[in-house]
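J.: Let me see the structure of the following:
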Amino acid sequence: MKALSALAPQLQPAPSGPLVPVLPALEGLLPERGLRPGAVVSVTGGGTALLLALAVAASSSGVWCAALGFEGLGLLGAAELGVDLSRLVVVEAPGKWWPEVTSALADGVGVVLLRPGGPVSGQVAERLTTVARRSGCVLVVAGPWPGARVRLAVQARTWAGLGQGRGRLRARHLVVAAGGRGSAARERRVELWLPDAHGAVRAAEPLAPVPELHRPELHRPGAVAAAQQPVGTARPPLAVV
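T.: Below is the predicted model:
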């Protein structure tokens with residue numbers, strides 16, 4: 001009986017409040033097209049951009065968010081993505097006290113972006129998952145998390161914007177796979193611009209290889225080389241990076 005009593009908080013369902021909104025481009029990554037209060041989402045392979053992007057719509061809609069453990073967090077970049085900095089609490093270096101700070105923040109904000117200060121044991125993960133479930137806070141973790149309800153993994157990253165050896169990086173294309181437990185178990189795959197050339201987050205069409213040329217007139221000797229030369233004042237050939 002005592003053991004069942006100790007497990008009771010963990011067995012309680014997540015709060016049935018409204019979903020925390022996310023940007024339209026990110027809805028396809030989540031089984032309910034939003035963040036379920038009390039759930040844990042783990043993000044691997046993508047730096048901090050994807051975590052910040054998950055907080056954009058929440059902060060813009062008035063939900064308080066916190067970023068914990070991200071030393072040197074680029075607030076200008078976060079603002080350019082759309083995060084409302086007036087709704088963001090930043091704790092850069094909690095040190096070994098990160099579980100206690102996470103627990104305290106979870107009782108006061110709607111979304112906690114967390115970079116743990118070391119390996120996460122099953123016991124710590126279980127305790128903080130229980131805190132998040134009880135308070136209705138969404139815990140978005142950089143790195144693996146035992147028992148996470150939703151798992152997001154960046155599988156590929158490609159920068160665009162460089163020409164033939166020069167230019168500026170202007171946009172980043174990501175391929176993100178989503179899975180998890182329960183309704184999140186069905187694997188999904190979404191391609192994003194994060195950010196696009198204007199600094200926004202939006203859905204991307206799958207990148208396809210450039211098709212080969214099959215025009216008959218290019219089969220004669222020297223025709224391909226000639227076709228590759230610029231004509232008149234036409235723009236230079238487009239480079240895909």
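J.: which of the residues in the lengthiest helix in the chain are buried?
T.: Among the elements of the chain assigned as helix by DSSP state H, the one spanning the most residues is helix 122-135. When burial is assessed from 16 or more other Cβ atoms under 10 Å, helix 122-135 yields the following buried residues: 124-125, 127-135. Every C-beta, even on glycine, is put in place using the N, C-alpha and C of the backbone.
J.: Enumerate the positions of the host helix or strand of Ala104 that are buried.
T.: Taking DSSP states H and E as the criterion, Ala104 maps to helix 98-106. Taking 16+ other Cβ under 10 Å as the neighbour-count basis, helix 98-106 is seen to contain the buried residues 98-99, 101-106.
J.: now stretch 81-88
T.: Those would be 81-84, 87-88, for stretch 81-88 by 16+ other Cβ under 10 Å.
J.: Same list (these) but as a markdown table, adding secondary structure.
T.: Putting the buried residues of stretch 81-88 into a markdown table (DSSP: H, G, I helix; E, B strand; the rest coil) gives the following:
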| residue | secondary structure |
| --- | --- |
| Leu81 | helix |
| Gly82 | coil |
| Val83 | coil |
| Asp84 | coil |
| Arg87 | helix |
| Leu88 | strand |
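J.: how far away is the residue nearest to Gly182 when sequence neighbours are not counted from Leu139?
T.: Nearest in space to Gly182, with sequence neighbours left out and distances taken as Cβ to Cβ, 6 or more residues apart in numbering, is Arg149 at 6.8 Å. If you measure Arg149 against Leu139 using Cβ to Cβ, to the nearest Å, the figure is 10 Å.
J.: More neighbours: which of the two?
T.: Leu139 (28 against 25; other Cβ atoms under 10 Å).
J.: So what does the more buried one have for phi and psi?
T.: In this entry, Leu139 is assigned phi and psi values of phi -110, psi 110 (degrees, to the nearest 10).
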